[in-house]
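Trainee: Got a predicted structure here, sequence first:
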Amino acid sequence: MRWVLLASCALSVNLVTGCGTKGPPRKPTFRVTGKLTVDGETPAAPIQIECQNVAGVDENMPTFSRTESKPDGSFEIATYQQGDGVPPGEYVLVLSSRELNLMTRDYTGPDLKNRYSDAKKSDVKFTVKDKPVDLGEVKLTKMTSFRSLSPVCGGEGVKPL
């Protein structure tokens, strides 16, 4: 009787977990790493990082690659499992940094003024071919500096009256 019960349990486990590790098809991925800084410093809070393919979503085998920065600002992007990387293609990084603090019911984190939260506005771009990519230091800024606005003012800045 015990033998029948043991065999039944083994068969049930095999049916639930399957006989192998074969799952849905996966695209090859290549490791993508980097380190974020905000105005030259380590981000005060984690920054959510999402890769958007410049060519758009692959209708046949869509993927979603993302991660969150570590306390030191470093990151490694994942598609199927932690740190496995990104399929080949041209990408733009979409970044957000605002987290809801449940105690104060306020949003905290470095305010990037939505400069990187839209793929059309973000200027953080890279290409993955057939090898790992190290993006190095990805320099983010919270606000536009006055100096960068000077071309709007004729390249001379604001002149006194």
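Mentor: Great, that's in hand. Numbers count the residues shown, from 1 in each chain.

Trainee: Tell me which stretches of the chain form helices.
Mentor: Using DSSP state H, the helices of the chain run over 2-17, 146-149.

Trainee: ok, of these, where does mean pLDDT dip lowest?
Mentor: Per-stretch mean pLDDT for those is lowest at helix 146-149 (a mean of 37).

Trainee: how about stretch 53-63: buried residues?
Mentor: Neighbour-count burial for stretch 53-63 flags 53, 63 (criterion: 16 or more other C-beta atoms under 10 Å). From N, CA and C alone the C-beta is placed, and that goes for glycine too.

Trainee: List the contacts of that stretch.
Mentor: The contact list for stretch 53-63 (C-beta atoms under 8 Å, 6 or more residues apart in numbering) reads 25, 27, 79, 86-87, 89-92, 125.

Trainee: got the phi/psi numbers for residue 115?
Mentor: With angles defined as degrees, to the nearest 10, residue 115 sits at phi -70, psi -20.

Trainee: are any of the contacts of stretch 53-63 buried, and which?
Mentor: Using 16+ other C-beta under 10 Å, the buried ones in the contacts of stretch 53-63 are 79, 86-87, 89, 91-92.

Trainee: What about those residues, which are in strands?
Mentor: Per DSSP state E, strands hold the following members of these: 89, 91-92.

Trainee: before we move on, back to that, tell me the two of the buried ones among the contacts of stretch 53-63 that are most distant?
Mentor: Using C-beta to C-beta, the buried ones among the contacts of stretch 53-63 span at most 15.7 Å, a distance reached by 79 and 92.

Trainee: can you pull out the strands in the protein?
Mentor: Secondary structure of the chain, counting by DSSP E: strands at 32-38, 48-53, 65-68, 74-76, 89-96, 99-101, 106-108, 125-128, 133-140.

Trainee: Check which helices and strands the first one is in contact with.
Mentor: The reference is to strand 32-38. Under the contact criterion of 3 or more C-beta pairs under 8 Å, 6 or more residues apart in numbering; DSSP states H and E, strand 32-38 touches strand 74-76, strand 133-140.

Trainee: okay, the angle between it and strand 48-53?
Mentor: Per axes from the mean of the first three to the mean of the last three C-alpha atoms, to 10 degrees, the angle that strand 32-38 makes with strand 48-53 is 130 degrees.
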